[in-house]
Structure formats: C-alpha cells, structure tokens
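Undergrad: return atomic coordinates for the entry below.
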Amino acid sequence: MTAITARRVVVGTGPVSFDEIVAVARGGAGVELGADARAAVARSREVIEKLAVADLPYYGVSTGFGALATRHIPAERRAGL
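TA: Got it, this is the predicted structure:
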C-alpha cells in the first residue's frame, strides 16, 4: 500500500498507483519507504546473509549470474557481489 502525503509518496509492499507515479515524476514529490517495506527489506537481508555464509551454492549469492552461474564466488568476495 502507498500513500501521497504533503509532496511525498510513501511506498509500501503493495503496488504503486498511477497518481503516485505522476506525483513523483511530474509533481516533484519525494519518495519514502514505509515501515512495511523497510521490514520486508530487513527480512530479505537476513535471508541473504544466511545464504552468503552457507556451504551450498546459491545463485547470485555464492555464484555468478547468467553465463557465470556455475562460477563459485569465494566467501571473502561475496560482499562485493
């Protein structure tokens, strides 16, 4: 869910409306992450941090992407990935 308040669009985990996009693109409204979106990002980070130290390979976390998907990324270089 998102909301437009005083020249600011608060973006949550739900869809963004056409009016909210226009408020930002044409109206100069700022964008802020809502509490639900920040919580979702924090949960995702916890998952990725656990996968990053795991022994098993996980696509894009401990391997490369696309054609490099079979390339192992050493643990000390994963933060850069």
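Undergrad: tell me where this structure has strands.
TA: 3-5, 8-11, 30-33 (DSSP state E).
Undergrad: just the pLDDT for residue 2.
TA: Looking at residue 2, its pLDDT is 63.
Undergrad: so residue 73 makes contact with residue 60?
TA: No: in this structure, residue 73 is not within contact of residue 60 by CB atoms under 8 Å, at 9.3 Å. In this view, the C-beta of every residue, glycine as well, is placed from N, C-alpha and C.
Undergrad: between those two, tell me which one has more neighbours.
TA: residue 73 (18 against 14; other CB atoms under 10 Å).
Undergrad: run through this protein and note the low-pLDDT ranges.
TA: Within the chain, the ranges that satisfy pLDDT under 70 run 1-6.
Undergrad: quick one, helices of it?
TA: 18-25, 35-52 (DSSP state H).
Undergrad: residue 78 is nearest to which of the ones you listed?
TA: Closest to residue 78 of the helices of the chain is helix 35-52 (CB to CB; 5.0 Å).
Undergrad: picking up where we left off before, include distance to residue 8 when you put the helices of the chain into JSON lines, please.
TA: Below are the helices of the chain laid out as JSON lines (distance: least, CB to CB, whole Å):
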{"stretch": "helix 18-25", "distance to residue 8": "9"}
{"stretch": "helix 35-52", "distance to residue 8": "14"}
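Undergrad: between those helices, which one is closest to residue 80.
TA: Residue 80 lies closest, by CB to CB, to one member of the helices of the chain: helix 35-52, at 11.3 Å.
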